[in-house]
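1. Quick one, what's the 3D model for this:
(chains A and B)
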Amino acid sequence: MNIPQDVLFDESHEWVRRESEDTVTVGISDYAQDQLGDVVFVELPTAGSAVTKGDQVAVIESVKTASDIYTPVSGTIVEVNGSLEVTPEQINEAPYQGGWIFRVKMSDPTELDALLGGDAYQALTEGE
Amino acid sequence: MHYLPHTPEDVARALKLIGAPSIDALFEDIPAELRDPDMQVAPGLSEAELMAHLRQLAARNEDRGADFLGGGVRRHFMPSVTSHLAMQSEFVTAYTPYQPEVAQGILQATFEYQTMMSELTGLPVSNASMYDGASAVAEAALLAVRQTGREQVVVSRGVHPETREVLQTYLSPLGIELTTIDLDRLTTPVPAEDDLAAAACVIAQQPNYLGYLEPMQQLSDASHAAGALFVAAVDPLSLAVLAAPGDYGADVAVGDGQTVGNPANFGGPAFGFMVVKEALVRQFPGRVVGQTTDVDGKRAFVLTLQAREQHIRRSKAKSNICSNHQLTALMAAINLAALGPQGLRDLAVGSVQRAHQLADTLTQAGFEPLTSARFFNEFVLPVAVEPATLRRELARRGVQAGVAAGQEYGLGHAVVLAATESTTDADIQQLVSGLRSLEAAAMETADA
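-> Numbering: from 1, shown residues only, chains lettered A, B, ... in the order given. Now for the predicted structure:
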């Protein structure tokens, strides 16, 4: 399983990469995409919408199921990965790169402190 | 054979576990007189006695006579092959299969049905059918609310009054506002863009409840200009001669399918249908059968887009519709296949011709049917007496007169008369003479 060192994780399997002082990119982990199976559709959030940590903001539909995606931080959605509408399989192929889902301008960067590092996340998935 | 699989030992063990002395003790909260009421059921009959009794009851059925009832349900010709095939026990006894792909025959038949509805409506994606036209309209409204994020639904008063009641029932608990556009005499005026600013969708019916043709293209354009969806509630038979919802840009076509392949069934059951643009498939309620290939590359049928549905999405499913009206929808598919495109056109054209012949004959006889707007196979006839009285009196003369147009249309005493390809010259004459004798009777009463 691929766990890059430059990202943090939420217990609901989203990853967060800090892009600048107040902006993060969010996607789902390699473990999560493997559990879902082939992704066939992504319902993206609306850019510009205000969100609170834990809000359901997107839905990933795979051949097996449909799963809610929650934002790991509060703030404003500033960008969404529109290319997923055409090639949702990027989530399977490159979950930490081309498969990113949305970017948030954080209202409270200290929320990042509550997220898991790579080792803790690996321990979490091994426990499941 | 026992219908209940529990042995006395099972029952004793279960009662001991929950600490109840007996099964009866579990029902103590129900008053004793309700627990085992005297049902006053007659003793059983032998087969011969039962058959005699049923024949007696059947003999009380009256001939339907000259039939001008409409209001959403009409008797159209159905080739005898339709009911013969649809009543095969393989179809009649089959329930929605819970492991659907094992029943390839049902899925293929449903796929054929969907294909026909798609061709009729000019829209690409049909579901496997719904319960009835009214709930299909309500589901279309909910789809529009989900898709647009807006919480107002605008409906034309030309939509069947009962359908609008069902719509209200679905929408009010969800806090969705329902706004009605009044008719401008017989048809729906095109709303201003500002009036639709908060609308998730506009719903209009073609032909409308009174029978007249709505300006669907203009209503569709006005809806889209305001960012709302346009929902066309249509009589599927009319699509053999009228523009298809896809032609005028409707996002959703819904309706009751009875006219293309079910008997009147005393007003139901029939089936609802829903067909949508491809962009709406993920908000689409109901089951959808798709065509694919199996591991050997052979054609196969599967339920598709299931991630919208309850068994996967639970409380977040797009709709709680996870079933359909399989048999009545299948019957329509058989009927449409038996009629073919030309046969369906013949029924539609025949209905239009007979309805216009009826209107002309009434006009020549001195009555004043409302013909200022174009109509398909129903129109309004203002009458001198209460519609209920008219219906009762004409029924005594062997004529089933139309449904009341209702005070809500501001037309006074009026009925909607329907004709089909099966309406005969004799039926029309019988109606005219029935109306005349009623009129004469009314005048006598007035003179006295």
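2. Point me to the residue of chain B nearest chain A.
-> Among residues of chain B, the one nearest chain A by CB to the nearest CB turns out to be B:A307. It sits 3.9 Å away. Using the backbone N, CA and C atoms, a C-beta is placed for each residue, glycine as well.
3. Spatially nearest residue to the residue of chain A found nearest chain B, not counting backbone neighbours?
-> For chain A, the residue positioned closest to chain B under CB to the nearest CB is A:A66, at a distance of 3.9 Å. With CB to CB, 6 or more residues apart in numbering or on different chains as the measure, B:A307 is the residue that lies nearest to A:A66, at 3.9 Å, once sequence neighbours are left out.
4. what does the model give that neighbour for pLDDT?
-> Predicted confidence (pLDDT) at B:A307: the value is 78.
5. Hmm, A:E61 and it touching each other?
-> Yes. With contacts counted by CB atoms under 8 Å, B:A307 reaches A:E61, the gap being 4.4 Å.
6. joint contacts of the two?
-> Taking CB atoms under 8 Å, 6 or more residues apart in numbering or on different chains as the contact criterion, the common neighbours of B:A307 and A:E61 are A:F41.
7. circling back: kindly provide the distance from the residue of chain A closest to chain B to B:R60.
-> In this view, A:A66 and B:R60 are 55 Å apart by CB to CB, to the nearest Å.
8. Tell me which other helices or strands the one helix or strand B:A441 maps to touches.
-> Element membership of B:A441, judged by DSSP states H and E, is helix B:425-447. On a contact count with 3 or more CB pairs under 8 Å, 6 or more residues apart in numbering or on different chains; DSSP states H and E, helix B:425-447 meets strand B:66-67, helix B:326-364, helix B:387-396, strand B:399-400.
9. what's the neighbour count on the residue of chain A closest to chain B?
-> For A:A66, the count of nearby residues is 22 (other CB atoms under 10 Å in any protein chain shown).
10. Let me see the contact set for it.
-> Going by CB under 8 Å, 6+ apart, A:A66 touches A:V59, A:I60, B:A307, B:R308, B:I312, B:R313, B:K316.
11. Dump these into CSV; add distance to B:F367, secondary structure and neighbour count as well.
-> Below are the contacts of A:A66 laid out as CSV (distance: CB to CB, whole Å; DSSP: H, G, I helix; E, B strand; the rest coil; neighbours: other CB atoms under 10 Å in any protein chain shown):
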residue, distance to B:F367, secondary structure, neighbour count
A:V59, 59, strand, 18
A:I60, 64, strand, 24
B:A307, 57, helix, 21
B:R308, 51, helix, 22
B:I312, 58, helix, 15
B:R313, 56, helix, 19
B:K316, 56, helix, 12
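12. And these, which two are furthest apart?
-> Using CB to CB, the contacts of A:A66 reach their maximum pairwise distance at A:I60 and B:R308, which is 13.7 Å.
13. Tell me where the chain has strands.
-> Assuming you mean chain A. With DSSP state E applied, chain A shows strands at A:8-9, A:14-18, A:23-28, A:39-43, A:50-51, A:56-62, A:66-70, A:75-80, A:102-106, listed in chain order.
14. Not quite, go with chain B.
-> Using DSSP E, the strands found in chain B span residues B:66-67, B:125-126, B:152-156, B:177-181, B:199-206, B:229-234, B:252-256, B:272-276, B:288-293, B:299-304, B:378-382, B:399-400, B:403-404, B:414-418.
15. Reformat those as TSV; add mean neighbour count, distance to B:D38 and mean pLDDT.
-> TSV is the format used below for those (neighbours: other CB atoms under 10 Å in any protein chain shown; distance: least, CB to CB, whole Å; pLDDT from 0 to 100):
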stretch	mean neighbour count	distance to B:D38	mean pLDDT
strand B:66-67	20	43	92
strand B:125-126	24	51	98
strand B:152-156	25	49	98
strand B:177-181	16	47	98
strand B:199-206	27	49	98
strand B:229-234	28	48	98
strand B:252-256	31	42	98
strand B:272-276	30	41	98
strand B:288-293	15	49	95
strand B:299-304	16	48	93
strand B:378-382	24	49	96
strand B:399-400	18	40	93
strand B:403-404	20	41	89
strand B:414-418	26	46	96
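16. okay, these in TSV with distance to chain A next?
-> As requested, the strands of chain B are arranged in TSV below (distance: least, CB to the nearest CB, whole Å):
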stretch	distance to chain A
strand B:66-67	49
strand B:125-126	14
strand B:152-156	20
strand B:177-181	22
strand B:199-206	16
strand B:229-234	18
strand B:252-256	19
strand B:272-276	16
strand B:288-293	12
strand B:299-304	10
strand B:378-382	42
strand B:399-400	50
strand B:403-404	44
strand B:414-418	44
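17. closest to B:M443 out of those?
-> Short answer: strand B:378-382, nearest of those by CB to CB, at 16.5 Å.
18. For that closest one, enumerate its sheet partners and note whether each is parallel or antiparallel.
-> Strands adjacent to strand B:378-382 in the sheet, as given by DSSP bridges, are strand B:414-418 (antiparallel).
19. and the strand it pairs with, C-alpha only, in PDB?
-> Output of strand B:414-418 as PDB, limited to C-alpha atoms (Å, rounded to 0.1, in the frame of the first residue of the first chain):
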ATOM      1  CA  ALA B 414     -68.900  21.200 -17.600                       C
ATOM      2  CA  VAL B 415     -67.600  17.700 -18.400                       C
ATOM      3  CA  VAL B 416     -64.600  16.400 -20.300                       C
ATOM      4  CA  LEU B 417     -65.700  14.100 -23.000                       C
ATOM      5  CA  ALA B 418     -63.200  11.500 -24.400                       C
END
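20. returning to what we had before: output the helices and strands packed on helix B:425-447 in TSV; the columns should cover distance to B:T188.
-> Formatted as TSV, the entries for these read as follows, by distance: least, CB to CB, whole Å:
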stretch	distance to B:T188
strand B:66-67	28
helix B:326-364	20
helix B:387-396	23
strand B:399-400	28
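21. List the contacts of the longest helix along chain A.
-> Selection of the longest helix in chain A by residue count, based on DSSP state H, yields helix A:118-127. Contacts of helix A:118-127 from elsewhere in the structure, counted by CB under 8 Å, 6+ apart, are A:M1, A:I3, A:P4, A:Q5, A:V7, A:F9, A:E11, A:S29, A:Y31, A:L116.
22. Please list the residues of chain A that sit near chain B.
-> Within chain A, the positions near chain B by CB under 8 Å from any CB of the partner chain are A:F41, A:E43, A:E61, A:S62, A:T65, A:A66, A:D68.
23. Specify the beta-bridge partners of the third one.
-> Looking back up the chat, that one is A:E61. According to DSSP bridges, the partner residues bridging A:E61 are A:F41, A:A66.
24. Could you report the neighbour count for the closest residue to B:Y209 other than its chain neighbours?
-> Once flanking residues are discounted, B:Y209 sits nearest to B:H160: 5.0 Å by CB to CB, 6+ apart. The number of residues packed around B:H160, counting by other CB under 10 Å, is 20.
25. and what of A:E11?
-> Applying other CB under 10 Å, we find 13 residues neighbouring A:E11.
26. so it sits right up against A:L116, yeah?
-> Yes. Taking CB under 8 Å as the contact criterion, A:E11 and A:L116 are neighbours in contact, 7.0 Å apart.
27. picking that back up, buried residues of the longest helix of chain A, list them for me.
-> In terms of neighbour count (16 or more other CB atoms under 10 Å in any protein chain shown), helix A:118-127 has its buried residues at A:Y121, A:T125.
28. Out of the strands of chain A, which gets nearest to B:R164?
-> If we rank the strands of chain A by CB to CB, the stretch that ends up nearest is strand A:39-43, at 31.2 Å.
29. helices or strands up against that closest one?
-> In terms of contact count using 3+ CB pairs under 8 Å, 6+ apart, strand A:39-43 is assigned the packing partners strand A:56-62, helix A:90-93.
30. gap between the last one and the chain center?
-> In other words, helix A:90-93. In terms of CA atoms, centre = their mean, to the nearest Å, the centre of helix A:90-93 is set 12 Å apart from its chain centre.
31. Now tell me what touches that helix from outside.
-> By CB under 8 Å, 6+ apart, the list of residues contacting helix A:90-93 from outside reads A:G27, A:I28, A:Q33, A:D38, A:V39, A:V42, A:I60, A:S83, A:L84, A:G98, A:G99, A:I101.
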